[in-house]
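A.B. asks: take a look and give me a structure for this.
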Amino acid sequence: MENEEEKKEEVVVNEQGEITLADNNEIKIADDVVAVIAGIAVSEVPGVSDMAGGFAGGISEVLSGKKNLAKGIKVEVGEKETKIDVNIIVEYGVRIPDVAFEIQNRVKKSVETMTGLKVVEVNVHVQGVNTDAKTDTEGNNKTQE
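C.D. replies: Numbering: from 1, shown residues only. The predicted model follows:
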């Protein structure tokens with residue numbers, strides 16, 4: 001019997017999003033990929049008005065004309081686990097703990113399902129409340145459509 005060395009290949013995603021093969025059997029997933037997955041999951045939660053991104057995130061949306069799906073999301077990806085911070089603006093009248101709990105569940109499920117990474121933290125930071133409301137002829141408040 002001869003000792004055979006197992007040749008393992010590693011898939012690496014560089015900063016430009018290009019995938020290359022290396023010598024190990026690991027897959028590295030870029031922070032931006034996890035941020036976009038988390039951003040989509042957050043945008044589907046009822047009660048979330050918008051993502052609270054910084055000044056640079058707003059400028060990039062205006063200049064590119066595209067919605068930044070990673071706006072308001074900060075991700076730290078390790079080899080097998082990830083930590084995610086979500087910054088949101090909630091709708092007026094929603095129960096904030098319920099919205100935050102739903103965000104945590106959806107982000108964790110989406111990221112773990114799509115990437116195979118273990119999500120160890122999903123921190124939800126409520127940055128504001130959207131109070132924009134229209135008033136009908138009877139004086140009742142209606143949420144903006």
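A.B. asks: okay, CA-based contacts and neighbour counts for the rest of this
C.D. replies: OK.
A.B. asks: how about low-confidence regions in this protein?
C.D. replies: Residues of the chain meeting the criterion pLDDT under 70: 1-26, 54-66, 133-145.
A.B. asks: give me that answer again for 50
C.D. replies: The model of the chain has pLDDT under 50 over residues 1-7, 134-138, 144-145.
A.B. asks: residue boundaries of the helices in it?
C.D. replies: 31-43, 55-64, 96-115 (DSSP state H).
A.B. asks: could those be laid out in TSV, adding distance to Gln127 and mean neighbour count?
C.D. replies: TSV is the format used below for the helices of the chain (distance: least, C-alpha to C-alpha, whole Å; neighbours: other C-alpha atoms under 10 Å):
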stretch	distance to Gln127	mean neighbour count
helix 31-43	14	21
helix 55-64	14	12
helix 96-115	11	17
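A.B. asks: would you turn the ones you listed into a markdown table with distance to Glu81?
C.D. replies: Listed next are the helices of the chain as a markdown table, based on distance: least, C-alpha to C-alpha, whole Å:
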| stretch | distance to Glu81 |
| --- | --- |
| helix 31-43 | 11 |
| helix 55-64 | 26 |
| helix 96-115 | 9 |
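A.B. asks: the nearest residue to Lys108 once chain neighbours are set aside and Lys80, how far apart?
C.D. replies: The shortest distance from Lys108 to any non-neighbouring residue, by C-alpha to C-alpha, 6 or more residues apart in numbering, is to Val119 (5.8 Å). Distance, Val119 to Lys80, using C-alpha to C-alpha, to the nearest Å: 9 Å.
A.B. asks: again with Pro97
C.D. replies: In this view, Pro97 and Lys80 are 29 Å apart by C-alpha to C-alpha.
A.B. asks: next: Asn123.
C.D. replies: For Asn123, the distance to Lys80 equals 18 Å [C-alpha to C-alpha].
A.B. asks: so the two - more neighbours on which side?
C.D. replies: Between Asn123 and Lys80, Asn123 has the larger neighbour count (other C-alpha atoms under 10 Å), namely 17 against 14.
A.B. asks: was I right about that one contacting Ile84?
C.D. replies: Yes. Counting by C-alpha atoms under 8 Å, Asn123 does reach Ile84; the two are 6.3 Å apart.
A.B. asks: for the top strand by length along the chain, enumerate the helices and strands it packs against.
C.D. replies: Taking DSSP state E as the criterion, the chain has its longest strand at strand 118-130. If you count contacts as 3 or more C-alpha pairs under 8 Å, 6 or more residues apart in numbering; DSSP states H and E, strand 118-130 packs onto strand 81-91, helix 96-115.
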